[in-house]
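Novice: Predicted model and sequence below, questions to follow.
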Amino acid sequence: MTKTTICGTDLHILKSDLPSVAVGRILGHEGIGVIDEIGAGVTRFRRGDRVLISCITACGKCEYCRRGMPSHCEQGGWILGNTIDGTQAEFVRIPFADTSLYPIPENADEDAMVMLSDILPTGYECGVLNGAVKPGDTVAIIGAGPIGLATLLTTQFYAPANLIVIDLDDNRLEVAKKFGATEVINSADGKAVEKVMAMTAGKGVDVAIEAVGIAATFELCQEIIGAGGHIANIGVHGTSVTLHLEKLWSQNITITTRLVDAVTTPLLLKTVMAGKLKPKQLVTHHFTLNDVMKAYDTFGNAGRERALKVILTNS
Ligand SMILES: NC(=O)c1ccc[n+]([C@@H]2O[C@H](COP(=O)([O-])OP(=O)(O)OC[C@H]3O[C@@H](n4cnc5c(N)ncnc54)[C@H](O)[C@@H]3O)[C@@H](O)[C@H]2O)c1
Ligand SMILES: [Zn+2]
Ligand SMILES: [Zn+2]
């Protein structure tokens, strides 16, 4: 491993939201590294190659992989830092390397590359593509963590007219403004619905993207969605949420869920290399791998620490 980082999902694991993760598991599903050793089945990489690790392991051959949905790969999917040891370590074993790693281009920025393991494909696939954002849309993103902000950056590929970002953390909302939000709302006062309705002439939004992973924010999406709208859930949920079909049955809405497939990594990599997408701005802190506990403390208290993505370097 050269560099890795911590995801909001790792925080969910620490809260016991994900029972698949056994006690003692090495966490982490993001990062870049240099190949130290290859298995017998690997044909596309050699010792010494610099590689980007996808958070999704894909065999490339099973029914789900062939359908473009490797998140549900029969022998892979999201297993790193979940059911097998992950990337927050000096070394990691990547199964199906040929179809789960990407070569890092010569002049690539390493911190930017780390953002391609998970947060950019997640924001883009689960939020923007599943939300079917179109030019002129009004899009609300609930949650301005790294995932919400990655969604905010990639939503702009489609030129939405209004981009409303909602969070409880003023610092993150400030960052959202810099990253292209047209309106930001701190929902701590319980008036977010009222404010969104005022901004949309009482119609609600075309796309509501949930990037927190708690019941309250999925409920908020249901309250602000306009007729014909899309609710795209990204958050990892540990508890059930009430679905208000008594209101929504007649609203022609679409609700989507998705575990990131990381099938858009090649296109996002090209966009980053062309300078059209600048994910390095999501990195706020650097630590050495030995200081991983400090890094967790910083990322886990993101409001206090004004933290977004923390990079851990194995030096
Ligand atoms: N579907 C997938 O494949 C996938 C992949 C990666 C991450 N995720 C999930 O995406 C979510 C976001 O990840 P992240 O890394 O940005 O996490 P994060 O914890 O850094 O960010 C969450 C944000 O939500 C805000 N928030 C908390 N409660 C809120 C509330 N009541 N109202 C409004 N905002 C509130 C926080 O202030 C924070 O800014 C997590 O649930 C994570 O597990 C899903
Ligand atoms: Zn993640
Ligand atoms: Zn597969």
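Specialist: Sure thing, it's come through. Ligands and ions are numbered 1, 2, ... in the order given.
Novice: Which parts of the stretch 51-200 of the chain are helices?
Specialist: 63-66, 97-100, 110-114, 119-122, 146-155, 170-178, 192-199 (DSSP state H, counting those that start in this stretch).
Novice: Tell me what angle the longest one forms with helix 170-178.
Specialist: Right, the one you point to is helix 146-155. For helix 146-155 against helix 170-178, the angle between stretch directions is 10 degrees (axes from the mean of the first three to the mean of the last three Cα atoms, to 10 degrees).
Novice: Output the contacting helices and strands for helix 146-155.
Specialist: Here helix 146-155 touches helix 119-122, strand 138-142, strand 162-167, helix 170-178, going by 3 or more Cβ pairs under 8 Å, 6 or more residues apart in numbering; DSSP states H and E. Quick note: C-beta positions are derived from backbone N, CA and C, even for glycine.
Novice: 10 Å instead, please
Specialist: Counting contacts by 3 or more Cβ pairs under 10 Å, 6 or more residues apart in numbering; DSSP states H and E, helix 146-155 is packed against helix 8-14, helix 119-122, strand 138-142, strand 162-167, helix 170-178, strand 205-210, helix 265-273, strand 309-313.
Novice: of the ones you listed, which approaches ligand 1 most closely?
Specialist: Proximity to ligand 1 (Cβ to the nearest ligand atom) singles out helix 8-14 among the helices and strands packed on helix 146-155, at 2.2 Å.
Novice: how far out from the middle of the chain is the closest one?
Specialist: A distance of 12 Å separates the C-alpha centroid of helix 8-14 from that of its chain, computed with Cα atoms, centre = their mean, to the nearest Å.
Novice: Go through that helix and flag the buried ones.
Specialist: Of the residues in helix 8-14, 8-13 count as buried by neighbour count, 16 or more other Cβ atoms under 10 Å.
Novice: Help me see whether stretch 104-117 makes contact with ligand 2, please.
Specialist: No - no part of stretch 104-117 sits close enough to ligand 2 to count as contact by Cβ under 5 Å from the ion; the gap is at least 7.9 Å.
Novice: hmm, back to that, in a markdown table, list the helices and strands packed on helix 146-155 along with mean pLDDT and distance to ligand 3.
Specialist: Formatted as a markdown table, these follow (pLDDT from 0 to 100; distance: least, Cβ to the ion, whole Å):
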| stretch | mean pLDDT | distance to ligand 3 |
| --- | --- | --- |
| helix 8-14 | 93 | 21 |
| helix 119-122 | 98 | 17 |
| strand 138-142 | 98 | 31 |
| strand 162-167 | 98 | 35 |
| helix 170-178 | 95 | 36 |
| strand 205-210 | 98 | 27 |
| helix 265-273 | 98 | 16 |
| strand 309-313 | 98 | 28 |
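Novice: Format the ones you listed as CSV; extra columns: distance to ligand 1.
Specialist: As requested, the helices and strands packed on helix 146-155 are exported to CSV (distance: least, Cβ to the nearest ligand atom, whole Å):
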stretch, distance to ligand 1
helix 8-14, 2
helix 119-122, 4
strand 138-142, 6
strand 162-167, 4
helix 170-178, 5
strand 205-210, 8
helix 265-273, 13
strand 309-313, 8
